[in-house]
Structure formats: C-alpha cells, structure tokens
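*Asks:* no sequence for this one, just the structure:
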C-alpha cells in the first residue's frame, strides 16, 4: 500500500473514515451551501448542500471498504486526497480510484468537494487490468 500522510484535518479524517465505513458520509462534515462537483466516467454531476451531497455519496459509499492506496496533501484551504478504494458488493470484489480536492471553511467544515472518479471496477475489470500489468 502506498501511503503518504500529512497533518490531517479532523473533518478530512472523519470523511475518510466514513468512506471506508460503508454507511455514507455524515452531513455535519459539510457547511451550509457546500458544493460537490463530481466528474465520473462519461458524466459530470453536482450537488449543493449537505443533504444533497450526502445523498449522492450514500450511493457511492454504501459498502464497507478499505484503502489500498491513500495519499493526502495539504493545500492552503484544505486537502487533496487520492485513494484506491476496494470493497465487496454482492460477493463481488470492486475497486474505485478517486481524487478529492476538499476545501474547508474557517470552522473546518467542507465547503467544496471537487472529485474525479475513475469508475467502479468489478472483479472482471480488475482481472483485465492486472493482465495489462
């Protein structure tokens, strides 16, 4: 596992704990008026406000998982987090590669999450990727 951690913000720690927890992301991590800008394969979507963001992420992070890779880099107003997340869904291994640019307000809550997602890869796609080396 590749890991480079930096001094963390407790909200970012809680966000990452929730990603692997499989029960969605808590709304209290987000400031009122927070914005999600998500680029996913073949699509771009947005959500505004804690409830809308956590509803979207409730679909993304619905199963317990683990980080195979995790890289955290502080920026002036937050943190950039890149990870490879793995989980099992209906008995089938899956993985996803994400990069989040999390911007925080003065109280430490997320005001903006710009995320780039490589997609959901099931066991067949993971095997195909492994063959390509």
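*Replies:* Perfect, thanks for sending it. For clarity, every value in this text was computed on a predicted model and none was experimentally measured. Numbers count the residues shown, from 1 in each chain.
*Asks:* list the contacts of the closest residue to residue 73 other than its chain neighbours.
*Replies:* Closest residue to residue 73 in three dimensions, ignoring its sequence neighbours and counting by CB to CB, 6 or more residues apart in numbering: residue 80, at 4.7 Å. C-betas here are computed from N, CA, C, even on glycine. Residues counted as contacts of residue 80 (CB atoms under 8 Å, 6 or more residues apart in numbering) are 72, 73, 99, 100, 101, 102.
*Asks:* report whether the fourth one is found in a strand, as I expect.
*Replies:* Yes: the secondary structure assignment for residue 100 places it in a strand, going by DSSP: H, G, I helix; E, B strand; the rest coil.
*Asks:* wait, it touches residue 85, no?
*Replies:* No: Residue 100 is beyond contact range of residue 85, at 11.3 Å (criterion: CB atoms under 8 Å).
*Asks:* which element is residue 58 on?
*Replies:* helix 50-60 (DSSP states H and E).
*Asks:* which residues touch that helix?
*Replies:* The contact list for helix 50-60, computed with CB under 8 Å, 6+ apart, reads 24-32, 34, 36, 38, 45, 47, 113.
*Asks:* what does stretch 84-92 give?
*Replies:* The contact list for stretch 84-92, computed with CB under 8 Å, 6+ apart, reads 19-20, 22, 63-69, 93-98, 122-123.
*Asks:* in that stretch, which residues are buried?
*Replies:* Residues 84, 85, 86, 87 are the ones in stretch 84-92 that count as buried (16 or more other CB atoms under 10 Å).
*Asks:* let me know the closest of those to residue 10.
*Replies:* Among the buried residues of stretch 84-92, residue 85 lies closest to residue 10 (CB to CB), at 20.6 Å.
*Asks:* ok but that closest one is inside a strand, no?
*Replies:* Yes: counting by three-state DSSP, residue 85 is part of a strand.
*Asks:* that one pairs with what?
*Replies:* Legend: beta-bridge partners of residue 85 under DSSP bridges are residue 67, residue 96.
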